[in-house]
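Participant: my questions are about this predicted structure, shown below with the sequence.
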Amino acid sequence: MLPVQRAFIALFLMVFTLFLAGGCTSTGGDSSVPLNFAGSDMYWKVLGSYGFSPGAVEHTSLAFQGSAPCVAFTDNNNNNKATVMKYQGGAWTALGAAGFSAGSCTSPSLAIQSSVPYVAFIDGANAGKATVMKYDVNGWALYGAAGFSPGAVESPSIAIHNGVPYVGFVDVANGRKPSVWYYSGGAWQQIGTINAAVGGSASNLMLKVYEGTPYVAFVDQGYGNKATVMKYSGNTWEYVGLPGCSAGEVECICLAIPDGVAYIAFKDNANGGSPLVMRLREGAWEGMGPGIAFSASEVNAVSLQVYRGTPYVAFSDRSVSGKASVMAYDLGIWKYLGQQGFSPGGAGSTSLHIYSGVLYLAFKDNANSGKASLMYFPYPMN
């Protein structure tokens, strides 16, 4: 039985039990998370086995091929090359060859559209430039030229729109400015000159594409390492809201644009390193939740998803020995989904995804020799 099927059965049983007890749930506002989804009686479950990868990993990236979760990572068991593993038929297996990149792979970013997986990464075989590979029935192959960027890159991030791959990265060769490229006419082409619009260097970039419009969020060193979001509109790059929109320095920035509404999440160093989510509303960025920063603890490895108007944030939670926690914004407050610190041990490089209303979290599992694990919350969001 698939996790999604088990999740719907679990939800039915939970609702039936509440009915017999005279209980009720409330979703209210623009949130769809029942109030009772937080608590020690709600458990995250492992998909397959903990530590499913052959060896230790870095930089997990989760996406779905149909109903099957796929995780890309830097594979320490294969000379730090790229590997993608897929869960199907009750087991984790390599999608194509393990360690398929020519050289070392850093910061792999996985995207899948129409069941076709693409991975962008920092290519150790090509002087740290950006490379994209695509999987088909013949295995993994280069998509365009290897090392197509002008020079070394950081924070590669891939998105696909209408079958067209887009890749954003920090362009080390051009003053560490943000840069976005797309594949057209058999080659990678730069979209505008975003580096001309940014006063300082950038780090920790994430790319999303909404209805053909690329957006990037990044840590903006030109604005004191605060958060900045830009989009390509009318043949030019422009700021989304004010640049440097956070109160202070940020790390681990994430971007989501469901239904055209932009959200960012990050580690907020102006509030003790706690997580913060901001939403663009009427052209201005606003913090979500009382006290804005919604966890009292310092976090790392932040990951963001938004589903039916509700933001969900995963992170490595320092208050519980770096274990994974996930919180949701419900009725104007932030609450844990299931237990705080539900992973077996410290969790690094979290990658959160929602499929058919069910939350899945891939991470580097420090309780299992740094191998990859994937857990899911078997209570589908409404």
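Facilitator: Perfect, thanks for sending it.
Participant: pLDDT weak spots in this protein?
Facilitator: 1-41, 195-197, 290-293, 296 (pLDDT under 70).
Participant: what are the boundaries of the helices in it?
Facilitator: 3-21 (DSSP state H).
Participant: Thr93: neighbour count?
Facilitator: 11 (other CB atoms under 10 Å). Glycine gets a C-beta too; all of them are placed from N, C-alpha and C.
Participant: show me what contacts it?
Facilitator: Met85, Lys86 (CB atoms under 8 Å, 6 or more residues apart in numbering).
Participant: before we move on, what about Leu62?
Facilitator: Pro69, Cys70, Val71, Leu110, Ser351, Leu352, His353, Tyr360, Leu361, Ala362, Leu374.
Participant: export the residues you listed as CSV, with columns for neighbour count and distance to Tyr87.
Facilitator: As requested, those are arranged in CSV below (neighbours: other CB atoms under 10 Å; distance: CB to CB, whole Å):
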residue, neighbour count, distance to Tyr87
Pro69, 23, 5
Cys70, 25, 8
Val71, 28, 8
Leu110, 25, 14
Ser351, 25, 14
Leu352, 22, 16
His353, 21, 12
Tyr360, 23, 10
Leu361, 27, 13
Ala362, 31, 10
Leu374, 26, 7
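Participant: out of those, the closest to Met278 would be?
Facilitator: Proximity of these to Met278 (CB to CB) peaks at Leu352, which lies at 17.3 Å.
Participant: who's in contact with that closest one?
Facilitator: Leu62, Ser303, Leu304, Gln305, Tyr312, Val313, Ala314, Val326, Leu359, Tyr360, Leu361.
Participant: what's the closest of those residues to Ser274?
Facilitator: The closest of those, once distances to Ser274 are taken by CB to CB, is Val313, at 10.8 Å.
Participant: any idea what the closest one is bridged to?
Facilitator: Going by DSSP bridges, Val313 is paired in beta bridges with Leu304, Met327.
Participant: quick one: it from Ala97, how far?
Facilitator: 34 Å (CB to CB, to the nearest Å).
Participant: those two: which is more packed in?
Facilitator: Comparing Val313 with Ala97 by other CB under 10 Å, the one with more neighbours is Val313, at 29 against 14.
Participant: thinking again about what came up before, show me which of the contacts of Leu62 is closest to Val153.
Facilitator: Once CB to CB is applied, the member of the contacts of Leu62 that ends up nearest Val153 is Leu110, at 16.7 Å.
Participant: isn't the closest one up against Val84?
Facilitator: Yes - the pair Leu110 and Val84 passes the contact test of CB atoms under 8 Å, sitting 6.7 Å apart.
Participant: mutual contacts of these two, please.
Facilitator: Cys70, Val71, Ala72, Pro117, Val119.
Participant: make a markdown table from those and add distance to Gly260 to it.
Facilitator: Converted to a markdown table, the shared contacts of Leu110 and Val84 look like this (distance: CB to CB, whole Å):
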| residue | distance to Gly260 |
| --- | --- |
| Cys70 | 27 |
| Val71 | 29 |
| Ala72 | 27 |
| Pro117 | 26 |
| Val119 | 27 |
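Participant: next one: Ala256 from Gly309, what distance?
Facilitator: According to CB to CB, Ala256 stands 11 Å off from Gly309.
Participant: and what of Val326?
Facilitator: 17 Å.
Participant: quick one, which of these two is more surrounded?
Facilitator: A count of neighbours by other CB under 10 Å puts Val326 above the other of Val326 and Gly309, at 25 against 14.
Participant: any idea how far Phe377 is from that one?
Facilitator: The value you get for Val326 to Phe377, if CB to CB is used, is 7 Å.
Participant: name the residues contacting each of these two.
Facilitator: Trp44, Leu337, Gly338, Leu359.
Participant: how long is stretch 133-149 from one end to the other?
Facilitator: Terminal residues of stretch 133-149 are spaced 14 Å apart (CA to CA, to the nearest Å).
Participant: for Val299, state which of the contacts of Leu62 is nearest.
Facilitator: Leu352 (13.2 Å).
Participant: name whatever forms a beta bridge with the closest one.
Facilitator: Leu361.
Participant: now swap in Val219 and tell me
Facilitator: Going by DSSP bridges, Val219 forms beta bridges with Ser203, Ala227.
Participant: how far away is it from Gly192?
Facilitator: 20 Å.
Participant: so what's the closest residue to Ile112 other than its chain neighbours up against?
Facilitator: Spatial nearest neighbour of Ile112, chain neighbours left out: Ala63 (4.5 Å); criterion: CB to CB, 6 or more residues apart in numbering. By CB under 8 Å, 6+ apart, Ala63 lies in contact with Pro69, Cys70, Ala72, Leu110, Ala111, Ile112, Pro117, His353.
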